[in-house]
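Participant: Next come a sequence and a model predicted from it.
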Amino acid sequence: MDAEIQNKKIELIQWLSTLDDELIIEKIMKLRKKEKTDWWNEVSKEEKASVQKGIEDADSGNLESQSEARKLYEKWL
(Lines give C-alpha, C1' and ligand atoms only; values in the text may rest on other atoms or scores of the structure.)
Protein backbone atom coordinates (compact mmCIF):
# COMPACT_ATOMS: atom_id res chain seq x y z
CA MET A 1 0.00 0.00 0.00
CA ASP A 2 1.12 3.53 -0.75
CA ALA A 3 3.07 5.09 2.14
CA GLU A 4 1.17 8.36 1.80
CA ILE A 5 -2.15 6.55 2.27
CA GLN A 6 -0.74 4.69 5.28
CA ASN A 7 0.34 8.00 6.82
CA LYS A 8 -3.11 9.52 6.25
CA LYS A 9 -4.77 6.51 7.86
CA ILE A 10 -2.52 6.78 10.92
CA GLU A 11 -3.22 10.50 11.14
CA LEU A 12 -6.97 9.82 11.01
CA ILE A 13 -6.72 7.11 13.67
CA GLN A 14 -4.80 9.43 15.96
CA TRP A 15 -7.30 12.25 15.41
CA LEU A 16 -10.28 9.94 15.90
CA SER A 17 -8.85 8.56 19.14
CA THR A 18 -8.89 12.08 20.66
CA LEU A 19 -12.27 13.11 19.26
CA ASP A 20 -15.03 13.92 21.76
CA ASP A 21 -17.58 15.48 19.41
CA GLU A 22 -20.47 12.99 19.16
CA LEU A 23 -21.89 14.69 16.06
CA ILE A 24 -18.69 14.15 14.10
CA ILE A 25 -18.44 10.57 15.35
CA GLU A 26 -22.02 9.91 14.19
CA LYS A 27 -21.27 11.43 10.77
CA ILE A 28 -18.24 9.17 10.43
CA MET A 29 -20.32 6.14 11.43
CA LYS A 30 -22.95 7.02 8.80
CA LEU A 31 -20.24 7.41 6.17
CA ARG A 32 -18.80 4.04 7.14
CA LYS A 33 -22.22 2.41 6.91
CA LYS A 34 -22.86 4.00 3.52
CA GLU A 35 -19.50 2.75 2.23
CA LYS A 36 -20.49 -0.79 3.23
CA THR A 37 -23.76 -0.56 1.28
CA ASP A 38 -23.91 -2.89 -1.69
CA TRP A 39 -23.88 -0.77 -4.86
CA TRP A 40 -26.38 -3.17 -6.43
CA ASN A 41 -29.05 -1.90 -4.04
CA GLU A 42 -28.37 1.69 -5.12
CA VAL A 43 -28.74 1.37 -8.92
CA SER A 44 -31.92 1.73 -10.97
CA LYS A 45 -33.92 -1.13 -12.51
CA GLU A 46 -32.63 -0.06 -15.93
CA GLU A 47 -29.02 -0.25 -14.78
CA LYS A 48 -29.61 -3.68 -13.24
CA ALA A 49 -31.20 -4.88 -16.49
CA SER A 50 -28.21 -3.58 -18.44
CA VAL A 51 -25.76 -5.40 -16.18
CA GLN A 52 -27.81 -8.60 -16.43
CA LYS A 53 -27.86 -8.34 -20.23
CA GLY A 54 -24.09 -7.93 -20.22
CA ILE A 55 -23.70 -11.05 -18.10
CA GLU A 56 -26.01 -12.99 -20.42
CA ASP A 57 -24.07 -11.78 -23.47
CA ALA A 58 -20.78 -12.83 -21.87
CA ASP A 59 -22.17 -16.23 -20.87
CA SER A 60 -23.34 -16.84 -24.45
CA GLY A 61 -20.01 -15.77 -25.93
CA ASN A 62 -21.42 -12.62 -27.49
CA LEU A 63 -18.34 -10.51 -26.75
CA GLU A 64 -16.13 -7.97 -28.50
CA SER A 65 -12.41 -7.64 -27.98
CA GLN A 66 -11.08 -4.85 -25.80
CA SER A 67 -9.66 -3.11 -28.87
CA GLU A 68 -13.07 -3.19 -30.62
CA ALA A 69 -14.78 -1.82 -27.52
CA ARG A 70 -12.18 0.94 -27.32
CA LYS A 71 -12.93 1.93 -30.94
CA LEU A 72 -16.66 2.04 -30.22
CA TYR A 73 -16.35 4.09 -27.05
CA GLU A 74 -13.20 6.08 -27.84
CA LYS A 75 -14.98 9.44 -27.77
CA TRP A 76 -16.05 8.86 -24.14
CA LEU A 77 -12.72 7.55 -22.85
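Facilitator: Structure received.
Participant: okay, CA-based contacts and neighbour counts for the rest of this
Facilitator: Fine.
Participant: Contacts made by the helix or strand encompassing Ile5 with the rest, please.
Facilitator: If you go by DSSP states H and E, Ile5 is part of helix 3-18. With C-alpha atoms under 8 Å, 6 or more residues apart in numbering as the test, helix 3-18 has no contacts from any other residue.
Participant: Outline the domain layout of the protein.
Facilitator: 3-37, 44-76 (automatic domain parsing).
Participant: Can you redo these as a markdown table, where the extra columns are mean pLDDT and mean neighbour count?
Facilitator: What follows is the domains of the chain, written out as a markdown table (pLDDT from 0 to 100; neighbours: other C-alpha atoms under 10 Å):
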| stretch | mean pLDDT | mean neighbour count |
| --- | --- | --- |
| domain 3-37 | 91 | 11 |
| domain 44-76 | 90 | 11 |
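Participant: Which helix or strand contains Glu64?
Facilitator: Under the criterion DSSP H and E, no helix or strand holds Glu64.
Participant: Distance of the residue of the chain most remote from its centre relative to Gln14?
Facilitator: In the chain, the residue that sits farthest from the middle, by C-alpha atoms, centre = their mean, is Asp20; the gap is 29.9 Å. Separation of Asp20 from Gln14 (C-alpha to C-alpha, to the nearest Å): 13 Å.
Participant: does the closest residue to Leu19 other than its chain neighbours sit in a helix, a strand or a coil?
Facilitator: Spatially, and ignoring its direct neighbours in sequence, Leu19 is nearest to Ile25 (7.7 Å; C-alpha to C-alpha, 6 or more residues apart in numbering). Three-state assignment for Ile25 (DSSP: H, G, I helix; E, B strand; the rest coil): helix.
Participant: I'd like the distance between Ile25 and Glu46.
Facilitator: According to C-alpha to C-alpha, Ile25 and Glu46 sit 36 Å apart.
Participant: secondary structure class for the residue farthest from the centre of the chain?
Facilitator: coil.
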